[in-house]
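>>> I'd like to go over a predicted model; first the sequence, then the structure.
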Amino acid sequence: MSKHIEKLKKQLVEVAEVVNSFQSEAVQVRIIDRLLDVMIESEKVDADGSEIFNKKGRRTRSEDDNFAALGRKKPGATKILNQLLNSDFFDVTRSISSIANYCKDQFDSDFKTSELSGVLLKLANENKLRRERSNENNRFEYIKA
């Protein structure tokens, strides 16, 4: 394990001058992040003994097919909120955080409240939901219109 860390340290020292030549910390972080990703992937290839990526660092066609076969993507916030709208979920007022928690528990979808707020506002503008401020915490709550 320490041999691996020493190798990593040596590689980082070699690229440090180039990375530090960029004045923007954001650019430096992106470069290091990308380098670490490539290093991790190359370690995986060495450990597995199989070639997951082609020369340009992209997944091969057969590997893309394998990822697609693992399962479908989870439904997005819009789809889930429309499903909830068609059920009795919004018969009582709900806060954004309670909606996010419900989505996590029932749909295994871990949405941030910022991901839900735009969709909820759109549904309110379409008069499908009513958006009201709570007197308790001055935050918006949503109920069927």
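Looks like it arrived, so ask away. Numbering: from 1, shown residues only.
>>> can you give me the helices in the chain?
Assigned by DSSP state H, the chain shows helices spanning 2-20, 25-48, 61-69, 77-86, 96-107, 113-125.
>>> ok, now how distant is Ser109 from Val18?
41 Å (CB to CB, to the nearest Å). Placement of C-beta: from N, CA and C, glycine included.
>>> out of those two, which sits in the more crowded spot?
Shown here are Ser109 and Val18; by other CB atoms under 10 Å, Ser109 has more neighbours (17 against 10).
>>> on that earlier part again, reformat the helices of the chain as a markdown table; add distance to Tyr142.
Shown next, in a markdown table, are the helices of the chain (distance: least, CB to CB, whole Å):
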| stretch | distance to Tyr142 |
| --- | --- |
| helix 2-20 | 46 |
| helix 25-48 | 36 |
| helix 61-69 | 35 |
| helix 77-86 | 9 |
| helix 96-107 | 7 |
| helix 113-125 | 6 |
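>>> Out of those, which is closest to Lys144?
helix 77-86 (7.3 Å; CB to CB).
>>> What are the buried residues along the closest one?
The neighbour-count check on helix 77-86 (16 or more other CB atoms under 10 Å) flags 77, 80-81, 84 as buried.
>>> Report the separation between Asn135 and Lys144.
20 Å.
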